[in-house]
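# No sequence on hand, only this structure:
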């Protein structure tokens, strides 16, 4: 398992958080509901017509499955093409030490490597059966420019752990999210897609009202 200092660190984080959480000239109007915050990590065009928020924990196997089966298409087909602005909302689920450590390492790797580390941590879940997770995380960190000394410092970063806990608490209390993964698209909570076809349907549904509004004729003034 991860070292005892990280266990204490994560336990402290959970005290602050809620319990475990099972471009056009005419820019679109601000989207209602939960929004990306300054301390969240995002991908894609901030002016995209579709805004996707994913609430996920690094220790959540369902989140790992979504990352492997659905997210690659979401990224290549919608985020990388400018159709979607995507934000990851950091959550904490059991084992809390793993969830907190994963996000700490991703943050320490820096903004350019954050999502690469997130992806690699999710994909490493199948290797966690031995219970000795720290070497796996250290391997991922090293592959993304985080040396051993920096890695150990990251795992002891109480301020960083507290920030993760605050983000998780904010997501639960302000956004009403109590399970992972949860998707919110243009301000509305949706069923997490299990297939690419379901993902495409959600994207089409999200863009339809925007297209309809853009196509509506302008109202004429008069006296």
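Thanks, I have it. The structure presented is a predicted model; accordingly, all values stated were derived computationally and were not measured.

# CA atoms for contacts and neighbours, from now on please.
Noted.

# so what does the helix or strand where residue 103 lies touch, helix or strand wise?
Residue 103 is part of helix 96-109, with elements assigned from DSSP states H and E. Applying 3 or more Cα pairs under 8 Å, 6 or more residues apart in numbering; DSSP states H and E, we find helix 96-109 packed against helix 4-16, helix 111-123, helix 134-143, helix 148-155, helix 158-175.

# burial measure for the spatially closest residue to residue 177 that is not a sequence neighbour, as a count.
Distance criterion Cα to Cα, 6 or more residues apart in numbering; nearest residue to residue 177, sequence neighbours excluded, is residue 171 at 6.1 Å. Residue 171: 20 surrounding residues under other Cα atoms under 10 Å.

# quick one: residue 171 and residue 89 touch, right?
Yes - assessed by Cα atoms under 8 Å, residue 171 is found in contact with residue 89 at 7.2 Å.

# out of the helices and strands packed on helix 96-109, which comes closest to residue 67?
Of all these, the one in closest proximity to residue 67, counting by Cα to Cα, is helix 111-123 (6.9 Å).

# Go ahead and flag the most central residue of the protein.
For the chain, the residue sitting closest to the mean C-alpha position, by Cα atoms, centre = their mean, is residue 88 at 2.0 Å.

# for this structure, what are the low-confidence residue spans?
Applying pLDDT under 70 to the chain picks out residues 1-32, 209-223.

# Swap in 50 and give it another go.
Across the chain, residues meeting the criterion (pLDDT under 50) sit at 4, 7-30, 215, 222-223.

# just checking, residue 183 is part of a strand?
Yes - assigned with DSSP: H, G, I helix; E, B strand; the rest coil, residue 183 falls within a strand.

# What about it, how many residues nearby?
Residue 183, neighbours per other Cα under 10 Å, totals 21.
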